[in-house]
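Student: Kindly generate the corresponding structure for this input.
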Amino acid sequence: MADLIVMPSIRRPDGRALETRRHRLGTALAASLIFSTSGAWAQEAASYTAVITPVNQFDSDLDSGGNVGYAAVFTAFRGNWTLDSHSSLGVGLRFDAEDWRFNDIEILGGVQPWDRLYRVGLSIPYSYTTDGGWRWTFSPTVEYSGESGASVSDSLEYGALVSAARRFHTGLTLGLGVGVYDRIDETRAFPFLVVDWRITDHLRLTNPLSAGPAGPAGLEISYTLGSGWEVGIAAAYRSFRFRLDENGPIPNGIGE
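Tutor: Residues are numbered from 1 along each chain as shown. Alright, predicted model coming up:
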């Protein structure tokens, strides 16, 4: 990843904004380890996927003065079980840890607004396929998002998404969905597109992410090179909101 554009925002508990600055972050390095397995027994089938993604964002200058960088590890586990010929039930677990570095932040008098952030989430998606071929999915989610030392009860987010998708022919699945989430001191709703389109034997358009509290699923176009290699480019809008340390420089504030 390179040239990530971020709009950081810090708010007091009373809602007053302390900082809203656009800054351009330099190159970030990321790599994913993906583990998956599946099994079938009797009339049941199950599949499991685990993903570990380490990220390092090199220190980069802020327009308001100073510089910022972070190192992080994003982990996710997903399991899915077939209940019968029409329905399935899944579980999604995630744990993210970020260690931020702020240096000489002039607008805050040199104070580091936050350091270690954690996100822990649980989702339970249920899917049902109608006789007409439409696949309906309902996925409730609860998530903790806060800095080390933040109040747990003030750091919870919850909500759900609903989507309907249909396979129109071999290689083309389309659908629409909506997500509604009560995030930290705000409620957010957004539509998203469900797509899996095998345009040619080598070219494919699909969603690179799962929709959730951070935003829609985005779009990715990829090209299969052969020998198991694939290249692609993806875009998505994601917004992470988190509660700040109760005893930090901005007690019980909100970062985004």
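
Student: going forward, measure contacts between C-alpha atoms and count neighbours the same way
Tutor: Noted.

Student: quick one: Ile221 and Ser60, what's the gap?
Tutor: From Ile221 across to Ser60, the span is 29 Å (CA to CA, to the nearest Å).

Student: again, but for Arg188
Tutor: 30 Å.

Student: Of the two, which one has the most company?
Tutor: Neighbour tally, Arg188 and Ser60, criterion other CA atoms under 10 Å: the higher count belongs to Ser60, 17 against 14.

Student: which element is that one on?
Tutor: strand 44-61 (DSSP states H and E).

Student: Next secondary structure element downstream of that strand?
Tutor: Per DSSP H and E, the helix or strand that comes after strand 44-61 is strand 67-82.

Student: and the next element down the chain from that following strand?
Tutor: Following strand 67-82 toward the C-terminus (DSSP H and E): strand 87-103.

Student: Show me what that following strand is packed against.
Tutor: Packing partners of strand 87-103 (3 or more CA pairs under 8 Å, 6 or more residues apart in numbering; DSSP states H and E): strand 67-82, strand 116-123, strand 126-129.

Student: Tell me the neighbouring strands of the second one, and mark each as parallel or antiparallel.
Tutor: This points to strand 116-123. Strand 116-123 sits in its sheet next to strand 87-103 (antiparallel), strand 134-147 (antiparallel), going by DSSP bridges.

Student: could you give the angle of the longest one to strand 67-82?
Tutor: Right, the one you point to is strand 87-103. Between strand 87-103 and strand 67-82, the angle comes out at 170 degrees (axes from the mean of the first three to the mean of the last three CA atoms, to 10 degrees).

Student: Need the contact partners of strand 87-103.
Tutor: Applying CA atoms under 8 Å, 6 or more residues apart in numbering, the contact partners of strand 87-103 are 59, 66-83, 110, 112-129.
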